[in-house]
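Colleague: Sequence and computational prediction follow.
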Amino acid sequence: MKILVVDDSKAIRQLAAECLQDMGHEVAFAENGADSLQYVADHDVDLILMDVEMPHLSGFEATKAIRELKKADWFPVIFLTVHDDDASFVNGVLSGGDAYLAKPLNPLRLRYTIMAMERIYMMRAKLQQTQMELQRVNRELERLTLVDQLTGLGNRRQFDVNFPLQFTLAQRTKLPLTLLICDIDYFKQYNDSRGHPQGDVCLVEVANTISAQLQRDNDLICRYGGEEFAAVLPGTPLSEARRLAEAIRRDVWNKQLPHEVAPERRISLSLGLATFVGQYKTPHAMLEAADAALYKAKQNGRNRVEID
């Protein structure tokens, strides 16, 4: 354990250090309450031996301050004192102390008190490890709820959370916001003719192609539906958005993924764009505009980009 010995007596500090180091513990020292508070603020400790009677800041006062500073981390504090009356004991416990050792220090009692505190240390270490693992699991669960497991893109839930926030931000900053929605042409027929496993391969290929074109950290690409993808592009004007959409459409087309049922015998994308520059009142209105543009692309022959 890392043990901090706080005492204004050099002799007490030396006696405690000999015993603790002989037990294999790491020892640090502070000569007064103020120094102990500063040490705990700057370093991790597992246990404190705290003298009660010190000038300026008593051991009780220093312990109260330490407990306030380290609210989320409880480690044992053992008071060292010449007073063994009930009032001193009660004050020590109320100040945040866990045990008392009388002065002059008895090395045997010090050793076995430290051994008892080691049990608290072990339980504390296990608790911290469990908490860290729980936090890791919770982060992973949160990630899984926002990610499409097939493509690795964001899922519909992530889109539904992120898009309204980006819309509100665009309203405040007066910066453009583009929403791109695209759909794989004749995908139902593709699944019917080639089977769903091959359909999954196709979805991953298209997802990777979209991701290759939209690489900014603040761009969000989601699998919006079965064969439908959506991209939220903050700060992207219409001219740049149209260039990106055309690049995505062209890259998918140039992959020449076979689609025997489609008129052109290969996979293609239809894309709809809507860019917010103040005209839409709500995120839903902007989403409807992008969806209408996608429908127009489908009606006008597919494998094309249309703008609201």
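Modeller: Here it is on my side, so go on. Residues are numbered from 1 along each chain as shown.
Colleague: Could you work out the end-to-end span of stretch 73-91 for me?
Modeller: 21 Å (CA to CA, to the nearest Å).
Colleague: Quick check, pLDDT for the residue minimising distance to the centre of the chain.
Modeller: Among the residues of the chain, the one closest to the centroid is residue 139, at 6.1 Å (CA atoms, centre = their mean). At residue 139, the model reports a pLDDT of 72.
Colleague: chain center to the helix ranked longest in the chain: distance?
Modeller: Taking DSSP state H as the criterion, the chain has its longest helix at helix 107-146. Chain-centre distance of helix 107-146: 20 Å, with CA atoms, centre = their mean, to the nearest Å.
Colleague: Same check on stretch 257-268?
Modeller: 42 Å.
Colleague: And it, what's buried?
Modeller: 257, 259, 262, 266, 267, 268 (16 or more other CB atoms under 10 Å). Placement of C-beta: from N, CA and C, glycine included.
Colleague: Strands - which of those residues land there?
Modeller: Under the assignment DSSP state E, the buried residues of stretch 257-268 contribute nothing to strands.
Colleague: Could you work out the most separated pair of those residues?
Modeller: Greatest spatial distance among the buried residues of stretch 257-268 (CB to CB): 257 and 262, at 10.0 Å.
Colleague: Could you say which helix or strand holds residue 104?
Modeller: Using DSSP states H and E, residue 104 sits in no helix or strand.
Colleague: Can you get me a residue count around residue 55?
Modeller: 9 (other CB atoms under 10 Å).
Colleague: Helix or strand: which one has it?
Modeller: Here residue 55 is assigned to no helix or strand, by DSSP H and E.
Colleague: what's near enough to touch it?
Modeller: 8, 32 (CB atoms under 8 Å, 6 or more residues apart in numbering).
Colleague: can you offset everything so residue one is 36?
Modeller: Shifting the count to begin at 36 puts that one at residue 90.
Colleague: residue boundaries of the strands in the stretch 136-285 of the chain?
Modeller: 212-219, 255-258, 263-269 (DSSP state E, counting those that start in this stretch).
Colleague: if you compare the ones you listed, which one is most tucked away?
Modeller: strand 212-219 (a mean of 26; mean count of other CB atoms under 10 Å).
Colleague: quick one: residue 42 and residue 36, what's the gap?
Modeller: Noted for residue 42: a distance of 18 Å to residue 36, by CB to CB, to the nearest Å.
Colleague: hang on, the earlier thing: what separation do you get for the residue nearest to the centre of the chain and residue 326?
Modeller: With CB to CB as the criterion, residue 174 and residue 326 are 33 Å apart.
Colleague: Please apply the same query to residue 318.
Modeller: 12 Å.
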